[in-house]
Structures are given as C-alpha cells and as structure tokens.
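Asks: generate a structure from the sequence data that follows.
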Amino acid sequence: MKDETKYELFNQARQWILEAGEEIRKSLDKPYQVDTKKDRKDLVTDVDKQTEQFLTRQIKSIYPHHKVMGEEGFGDEVTSLDGVVWIVDPIDGTMNFVNQQRNFAISVGIYENGAGQIGVIYDVMADVLYYGLKHEGAYKNGERIKRLDHNRKLEDALIGMNSFWSVPNRRLDETKIHQLIRKVRGTRSYGSAALEFAYVAEGIIDAYITMRLAPWDVAAGVIIVEEAGGVTTQANGHPIDMLQTNSIITCNPSIHREIIDGYIKLKPI
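Replies: A predicted model of the protein is given here:
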C-alpha cells in the first residue's frame, strides 16, 4: 500500500472511530437493548449494531470497492482478503460495556491482500487511541510507543488470560497452564481482547493467551503489537488465519517459544 493511501485511510478511520466513540458515550445515558447470541455470556446490544452500521456506512460512502468484515454482520460476506478489507469490532468487550460501562474498545484493522496495514483500537471511556501503521511504528494518543524489550524473562512476566483456560476444558491441557501461572509473576484478565493486545504493545502485560478469537477480535491488535516489536501466532505457533477463528498468543518475542513449547499443550478437537 502506498504511503499516501495508508495515511489517508488512517485519518479517515481515526475520524470515524472517534465519532463512533462519542456516540457510544452518549448512549450510556439512554436505555439500550441487550440480547444474547450463542449463550448468556455472548452479549450484543443495539449500540454494537448501530456502531457497526455507522462505520460500515462511512467506509462504503467513500470506498465502495473496499470490503467490510464486521462482527454483527452489517458488512460484506468476506471469503478472501483480496483487495482492501476493513475488519471491524464495534464494541470489543460488550459484557464490560453492559456491566461496567468501561474497559471496552472499538477495534478496526485494515488489510490489503492479506497484509495488515493499519490497526486502530480506541478505549472509548478512557479516550485513549492506540494505532499502528505498517513499517511506521505503534502509537498511543499520537506518542510513539517504545519498542518492547526483547530481553524479558518469563518469570518476570505478567500474562493476560481468561481463568476459563485454567480449569478442565476441551481445548488445552490445563495442568500445563497451571505450571505457567506458577512460573510467571502474575496474571490479569481485562475482558477485552483488543485492549489486551494494546496492553501487550504498550508493555503493560507481556503476553495475552486465549483459545478462541474471531478475526475482528484480533485484526487491529496484531498490527499494533507487531509494530511495537511483538509477535502474534496461533497457540501452536502457526500463523493466524484472518478468515477463521484462532487460538491466540500475542507477546514479547523473548518469551514466545518458551510459552508455546513449555506450557501450551492443545487437545485434539
């Protein structure tokens, strides 16, 4: 992607995301509809839907040939990453939005022919904008984020993970996760994959591990973490498929292989 195109797309995306964030903040003073999707822990609100509709409408009004992949289904039926694809999560952390009215984010990743070009994560209530542009670095509210220290040791690390993966489950050997929890300095769970990616990029946590995320959960974060000097793969070390649900480890590269080889044992499904 040409630099001028990349900067134009970023400036448009930033403007629309900030506008959407303002509307979300206003919505907190009004009644809104909360529904469940797959189960009672998978929530969606009319604010999620309205935000995705707004972003999709804005994108299509200026870039009609671009594709939009959105969590709530208001974009296109995306079956390939050919051309320019916007991957949108209107509210990442909907349960936090409903229960806490904080710790949620708008997440937008822009890809060209499968390569991540622009990632934007907006912490709506904190008014903090994280972003990364391919070969341009990662930023927080316009200030460049210092690249990650590649000498980080696992025993000093703070790891983001959902406690679900430390109890018996069908996806991985929880006994290995118990060993990891004992090895590291501590664990945290924030309830928003996008924010956990942003925190890895910023160095607030050293890794984030989870077993099932959709493309819109990770599309922006992958770019931002990479531009901060981090690495993101599936939990088995394989590259992410941005058209499928993936297991995820995003982290400081100095602890990536040690975690995968020593502490993640996936179960056949």
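Asks: what's the following helix or strand after the lowest-mean-pLDDT helix or strand in the chain?
Replies: The helix or strand of the chain with the lowest confidence, counting by mean pLDDT, DSSP states H and E, is strand 43-45 at a mean of 75. Downstream of strand 43-45, the next assigned helix or strand under DSSP states H and E is helix 46-62.
Asks: show me what whatever helix or strand comes next after that next one is packed up against.
Replies: Next helix or strand after helix 46-62 toward the C-terminus (DSSP H and E): strand 67-70. For strand 67-70, the contact count by 3 or more CB pairs under 8 Å, 6 or more residues apart in numbering; DSSP states H and E identifies helix 46-62, strand 84-92, helix 215-227 as packing neighbours. Every residue, glycine included, has its C-beta placed from N, CA and C.
Asks: now mean neighbour count too, for these, in JSON lines please.
Replies: Putting those into JSON lines (neighbours: other CB atoms under 10 Å) gives the following:
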{"stretch": "helix 46-62", "mean neighbour count": "18"}
{"stretch": "strand 84-92", "mean neighbour count": "28"}
{"stretch": "helix 215-227", "mean neighbour count": "27"}
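Asks: backbone dihedrals for Val128, please?
Replies: Backbone torsions for Val128, taken as degrees, to the nearest 10, come to phi -120, psi 130.
Asks: and Ala194, by the same measure?
Replies: phi -60, psi -50.
Asks: where's it relative to Glu8, distance?
Replies: In this view, Ala194 and Glu8 are 23 Å apart by CB to CB, to the nearest Å.
Asks: one more: Gly230?
Replies: Taking CB to CB as the measure, Gly230 falls 27 Å from Glu8.
Asks: quick one: which of Ala194 and Glu8 has more around it?
Replies: When neighbours are counted by other CB atoms under 10 Å, Ala194 and Glu8 differ, and Ala194 comes out ahead with 31 against 13.
Asks: that one against Ile121, yeah?
Replies: Yes. Ala194 lies in contact with Ile121 (CB atoms under 8 Å); the separation is 4.7 Å.
Asks: what is in contact with these two at once?
Replies: Residues touching both Ala194 and Ile121 (CB atoms under 8 Å, 6 or more residues apart in numbering): Asp92, Ala105, Ile106, Ser107, Ala220, Gly221.
Asks: okay, now the unreliable bits of the stretch 1-150 of the chain?
Replies: 38-43 (pLDDT under 70).
Asks: helices of that one, residue ranges please.
Replies: Residue ranges of the helices in the stretch 1-150 of the chain, as given by DSSP state H, counting those that start in this stretch, are 3-27, 46-62, 94-99.
Asks: got a markdown table for those helices, with distance to Phe74 too?
Replies: Listed next are the helices of the stretch 1-150 of the chain as a markdown table, based on distance: least, CB to CB, whole Å:
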| stretch | distance to Phe74 |
| --- | --- |
| helix 3-27 | 13 |
| helix 46-62 | 5 |
| helix 94-99 | 15 |
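Asks: distance check, Asp76 against Ile118.
Replies: Distance of Asp76 to Ile118, computed by CB to CB: 18 Å.
Asks: which one's more surrounded, those two?
Replies: Counted by other CB under 10 Å, Asp76 and Ile118 do not tie: Ile118 has more neighbours, with 27 against 15.
Asks: wait, doesn't that one sit right on Glu136?
Replies: No. Applying CB under 8 Å, one finds Ile118 not in contact with Glu136, separated by 9.2 Å.
Asks: common neighbours of those two, please.
Replies: Residues touching both Ile118 and Glu136 by CB under 8 Å, 6+ apart: Lys6.
Asks: which helix or which strand is home to Ile159?
Replies: Counting by DSSP H and E, Ile159 is part of strand 158-161.
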